[in-house]
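**Student:** From the sequence below, what's the structure:
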Amino acid sequence: MTLPARSNKLTGPEPIRFGCYTLGANGLEVTGRPTRAAHLGVADFVNRCVKFGGWWLVDLITYADTRDDWREDDEHGLDGLDINPGTRKQYRHLGKVFPRSARVDGVPMGHHAVVAAVPEPQRRRLLERARDGEWNQGELRHATRKLQRTTVIEGRAPTMHTVEVIVAIEIEAETTYEAEDKARALMKTAVQGVPHAKVILSTARPS
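**Tutor:** Here you go, the predicted model:
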């Protein structure tokens with residue numbers, strides 16, 4: 001495996017090479033005639049990146065936050081990561097709520113984000129039920145809301161409640177990150193003056 005060497009921020013997409021395989025920004029290229037074992041090995045690596053890469057980034061950011069000697073450099077030594085500030089903030093929050101010991105194996109990171117506002121031990125029970133029932137995020141979100149409503153009816157809920165409101169906005173921008181930043185800024189302006197309101201997530205989808 002060959003990783004791009006750098007000491008400063010990457011100035012362009014540097015490919016990663018595994019023998020006959022080159023993984024670049026626009027896809028994967030095969031040169032020569034690799035063995036089937038090599039092919040399966042690269043496939044396993046790519047699959048792991050897709051499934052676990054989010055948690056790897058969370059843990060990179062979490063570790064960087066512990067390094068006081070990096071604070072005067074770029075954004076905690078991670079300026080080379082192609083992550084906008086809003087997403088980086090979300091990852092940092094997930095790292096605090098879900099240290100490695102609190103994560104449920106076999107459950108995607110997005111599912112953990114759905115239950116991040118739920119207190120323990122209900123949070124873990126929901127994730128385990130999602131794993132055993134093979135729930136998607138929508139099904140987990142429905143179960144989470146049902147649990148919160150039941151808690152209110154039984155009189156065990158606090159007087160403060162977290163309400164998730166999903167708003168779709170069409171934003172014209174050249175990049176996904178620019179669209180997300182514009183939408184986040186617009187929503188922050190919209191909720192100014194609303195007690196305890198904050199914008200925590202924006203995800204752009206091509207129109």
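**Student:** Which helix runs longest in this structure?
**Tutor:** Longest helix in the chain, counting residues (DSSP state H): helix 36-64.
**Student:** Show me what counts as buried in the helix or strand following it.
**Tutor:** The helix or strand immediately downstream of helix 36-64 is helix 85-97, counting by DSSP states H and E. Applying a neighbour-count criterion of 16 or more other Cβ atoms under 10 Å, one finds Gly86, Thr87, Arg88, Gln90, Tyr91, Leu94, Gly95 buried in helix 85-97. Glycine gets a C-beta too; all of them are placed from N, C-alpha and C.
**Student:** Stretch 18-33 now?
**Tutor:** Buried, per 16+ other Cβ under 10 Å, within stretch 18-33: Phe18, Gly19, Tyr21.
**Student:** returning to that earlier point: name the nearest of the buried residues of helix 85-97 relative to Val115.
**Tutor:** Nearest to Val115 among the buried residues of helix 85-97, counting by Cβ to Cβ, is Leu94 at 11.0 Å.
**Student:** The residue nearest to the closest one when sequence neighbours are not counted: how many residues sit nearby?
**Tutor:** Nearest residue to Leu94 in three dimensions, chain neighbours excluded: Val58, at 5.4 Å (Cβ to Cβ, 6 or more residues apart in numbering). Residue neighbour count, defined by other Cβ atoms under 10 Å, stands at 24 for Val58.
**Student:** on that earlier part again, nearest to Val104, out of the buried residues of stretch 18-33: which one, please.
**Tutor:** Nearest to Val104 among the buried residues of stretch 18-33, with distances taken as Cβ to Cβ, is Phe18, at 30.5 Å.
**Student:** Tell me what the closest one is bridged to.
**Tutor:** Tyr21 (DSSP bridges).
**Student:** And it, how far from Phe45?
**Tutor:** According to Cβ to Cβ, to the nearest Å, Phe18 and Phe45 sit 7 Å apart.
**Student:** What is the burial count for Ile166?
**Tutor:** With other Cβ under 10 Å as criterion, Ile166 counts 6.
**Student:** pLDDT at it, what is it?
**Tutor:** Note on Ile166: pLDDT of 76.
**Student:** helix/strand/coil for it?
**Tutor:** Under DSSP: H, G, I helix; E, B strand; the rest coil, Ile166 falls in the coil class.
**Student:** Quick check: it vs Val199, distance?
**Tutor:** 12 Å.
**Student:** Please apply the same query to Arg184.
**Tutor:** Applying Cβ to Cβ, the value for Arg184 to Val199 is 5 Å.
**Student:** got it, and Ala116?
**Tutor:** 15 Å.
**Student:** got it, and Glu29?
**Tutor:** Going from Glu29 to Val199 by Cβ to Cβ gives 40 Å.
**Student:** and Val104, which of the three is it?
**Tutor:** Classification of Val104 by three-state DSSP places it in coil.
**Student:** Run through the residues that contact it.
**Tutor:** Val104 makes contacts with His112, Arg124, Leu127, Glu128, Ala130, Arg131, as judged by Cβ atoms under 8 Å, 6 or more residues apart in numbering.
**Student:** now the residues you listed as JSON lines including secondary structure, pLDDT and neighbour count?
**Tutor:** Compiled in JSON lines, the contacts of Val104 are given as follows (DSSP: H, G, I helix; E, B strand; the rest coil; pLDDT from 0 to 100; neighbours: other Cβ atoms under 10 Å):
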{"residue": "His112", "secondary structure": "helix", "pLDDT": "95", "neighbour count": "23"}
{"residue": "Arg124", "secondary structure": "helix", "pLDDT": "93", "neighbour count": "14"}
{"residue": "Leu127", "secondary structure": "helix", "pLDDT": "95", "neighbour count": "25"}
{"residue": "Glu128", "secondary structure": "helix", "pLDDT": "95", "neighbour count": "14"}
{"residue": "Ala130", "secondary structure": "helix", "pLDDT": "94", "neighbour count": "24"}
{"residue": "Arg131", "secondary structure": "helix", "pLDDT": "94", "neighbour count": "16"}
